[in-house]
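Novice: Turn this into a structure:
(one chain, ligands or ions: 1)
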Amino acid sequence: MLNFWITAGVTLLVGLAAAAIYRLYLHPLAKFPGPKLAAVTHLYEAYYDVLKKGRYVFEFERMHNKYGPIVRIGPNELHIRDSEYYNTLYNMTNRLDKYEWFYSMLGNPQASFGTIRSDVHRVRRGALSPFFSLKAVAKFYPHVQSIVNRLMQRMELCSERDEPIPLFYAYRCMTVDIISEYVFGHQMGMLDRADWGSDFYSAWRSLWELSPTIRQLPFLMDLIMSTPRWITQMTDPRALEVVDLFSYIDRQVKIVLDSDPEKIEAQAQPPVVWELSKSDVLPASEKTFKRLAVEANGMVAAGFETTGGTLTMITYLLLTHQHVFQKLLEELEEAIPDPDNIPNVLVLEKLPYLFAVVKESLRITVGAYSRLSRVNHHESMRYNDWIIPAGTAIGMSALFISHDPLIFPSPFTFNPHRWLEPDGSIGATALRLEHYLVPFGKGPRSCVGLNLAYAELYSVIATVLRRFGRRLELFETAERDMEVVSDYFAGMTRRPNGVEGNGLRVKVRKL
Ligand code: HEM
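Specialist: From the prediction side, this is the model:
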């Protein structure tokens, strides 16, 4: 028996040594620069992302400074830091697949977001895109505005009671209500929750924090999803929020699909899930209940934290840059005489200073921090003098483009003026800089919810400033609370649990 274990141990060690030698010296990426350990094993990434909690993307900075613009960050993966290459890698005609290992952390390859193969994605995206067009979102905008108004009412109530408002949570409640209304025509009622959805957020946060581990051990996701509810209740009651959310979404999708066609078609804008179920573009296999439920789930997950996080940062930036706040308020007071009548996003986005504030905020907050890894299975690619073999994963993080000092001088300064012409209008400068504004990614896999996200950003900023103006002030929010410390796809600040951090809190002074 002892002999068996010794033989097994030696065989394993020899196997590991052989794999390491292959990856270091014989692998098609052997000549690419980078840390040797990263070339040998995914555990290098696990050290930064699992043990140090979402820190690998921040490590890329040091790696690029040492090794140059292209670095081997994993056994079969490269990362490029070169703002000029972003549009080449992610361009519209490049039919690249997503890197399966990287995206395994999402656990939803049937949703557009998690779809690996570009040909499968093309069909799904073709069906989804029309419902997120500028026109579709402009039509939905009154719903957005009415949900934003509900947030304003609750903030006003806090003001009357002299209570601080945990905007970190409040914005996320709002984005969940908006996306759920859009996708299945029914709000989740997060804005009515007494705890401002803090348990809901906490459960999601646990899932995101687990995502780098799931990437290393993909079977974990299936294990979590197949664990009976009662076991989850015993082991981690807060995780039930996520499990129950998935069941809730399933129920909502079923309700939509079982709706009376006449009634639902009579709505000004039927829910996205209904539209997808009737799509001529999708084959029947793509319109099953399960597939549509997974797609709905993916949209909720993709649409709530990203937009909520961006809004949190914008508000903080405005409150800590009073000259910007003041100038924006003046523009809004002039353009919107009645705070109870906020114009459509199509009007708001034409206000030059508001436009500049939104763009600059998106730039400085980065959006998705993660490298968006792609694989070209068909042919090799070129980067400068490097030939990247077919089948290699290549990623770029928006972090390095958004904060590139050659494109955005003094990149950490919040300076909306950089987007405008000297006379304060929107013109060629904005057009030039937009090329490098990549919080939503670029190309065929870029954010389908971009127009909805912009509608939310414009509506909230205009409404909050017009409603509360100078009555709005920070409440016990330290710089530490706003520091992005982890990359779990979106860049995340410390958990606002009162122990690690507090998140953004504000007060609205009483009238
Ligand atoms: C500020 C807010 C947002 C940011 C920064 C953001 C960022 C991104 C990025 C970078 C991607 C590309 C992901 C990749 O390549 O792997 C993406 C994809 C996606 N986003 Fe967003 N997003 C935001 C808001 C939204 C909203 C409101 C929705 C609502 C539905 C949404 C839905 C999606 C979906 C479904 C995809 C997958 C698209 C596809 O692969 O075809 N996002 N988002």
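Novice: For P212, give me its contacts.
Specialist: Contact analysis of P212 by Cβ atoms under 8 Å, 6 or more residues apart in numbering lists E45, A46, D49, V50, G54, Y56, M105, Y488. (Glycine included, C-beta is placed from N, CA and C.)
Novice: Of the residues you listed, which is the nearest to the ligand?
Specialist: The closest of the contacts of P212 to the ligand turns out to be M105 (Cβ to the nearest ligand atom; 11.0 Å).
Novice: pretty sure the closest one contacts L217?
Specialist: No. Look at M105 against L217 with Cβ atoms under 8 Å: they stay out of range, at 10.1 Å.
Novice: more neighbours, these two?
Specialist: Applying other Cβ atoms under 10 Å to M105 and L217 shows that M105 carries more neighbours, namely 23 against 13.
Novice: looking at this, that one is in a helix?
Specialist: Yes. Per DSSP: H, G, I helix; E, B strand; the rest coil, M105 lies within a helix segment.
Novice: So what's the predicted local confidence for it?
Specialist: For M105, the model assigns a pLDDT of 82.
Novice: who touches it in this structure?
Specialist: By Cβ under 8 Å, 6+ apart, the residues touching M105 are S211, P212, I214, R215, P218, M221.
Novice: Can you get me a residue count around the closest residue to the ligand within the chain?
Specialist: The minimum distance from the chain to the ligand, using Cβ to the nearest ligand atom, falls at G449 (2.1 Å). Using other Cβ under 10 Å, G449 has 21 other residues around it.
Novice: cool, V357 as well?
Specialist: V357 has 27 neighbours, counted by other Cβ under 10 Å.
Novice: Any part of the helix or strand that contains it near the ligand?
Specialist: In this structure, V357 is located in helix 352-365 according to DSSP states H and E. No. Using Cβ under 6 Å from any ligand atom, helix 352-365 never reaches the ligand; the gap is at least 6.8 Å.
Novice: And the contacts of the helix or strand immediately after that helix in the chain?
Specialist: Counting by DSSP H and E, the element after helix 352-365 in chain order, helix or strand, is strand 374-375. Identification of contacts with strand 374-375 by Cβ under 8 Å, 6+ apart yields 89-90, 94, 96-100, 391-395, 445.
Novice: Going through those, which ones are buried?
Specialist: L89, Y90, N94, L96, D97, K98, Y99, T392, A393, I394, G395, R445 (16 or more other Cβ atoms under 10 Å).
Novice: So the fifth one sits against R122, correct?
Specialist: No. Shown here, D97 and R122 do not form a contact pair, counting by Cβ under 8 Å, at 11.2 Å.
Novice: Nearest residue to D199 in space, ignoring adjacent ones along the chain?
Specialist: Computed as Cβ to Cβ, 6 or more residues apart in numbering, the closest residue to D199 that is not its neighbour in sequence is E241, at 5.7 Å.
Novice: what sits against that neighbour?
Specialist: Taking Cβ under 8 Å, 6+ apart, we find E241 in contact with D199, F200, S202, A203, W204.
Novice: and it, how far is that from Y201?
Specialist: Distance of E241 to Y201, computed by Cβ to Cβ, to the nearest Å: 9 Å.
Novice: Now do the strands in the stretch 401-511 of the chain.
Specialist: In the stretch 401-511 of the chain, the segments counted as strands under DSSP state E, counting those that start in this stretch are 472-474, 484-488, 490-493, 506-508.
Novice: Could you dump those into a markdown table and include distance to the ligand?
Specialist: Listed next are the strands of the stretch 401-511 of the chain as a markdown table, based on distance: least, Cβ to the nearest ligand atom, whole Å:
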| stretch | distance to the ligand |
| --- | --- |
| strand 472-474 | 21 |
| strand 484-488 | 12 |
| strand 490-493 | 7 |
| strand 506-508 | 20 |
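Novice: Can you lay out those strands as JSON lines showing distance to I6 and mean neighbour count?
Specialist: Output for these, formatted as JSON lines (distance: least, Cβ to Cβ, whole Å; neighbours: other Cβ atoms under 10 Å):
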{"stretch": "strand 472-474", "distance to I6": "64", "mean neighbour count": "17"}
{"stretch": "strand 484-488", "distance to I6": "42", "mean neighbour count": "21"}
{"stretch": "strand 490-493", "distance to I6": "46", "mean neighbour count": "22"}
{"stretch": "strand 506-508", "distance to I6": "65", "mean neighbour count": "22"}
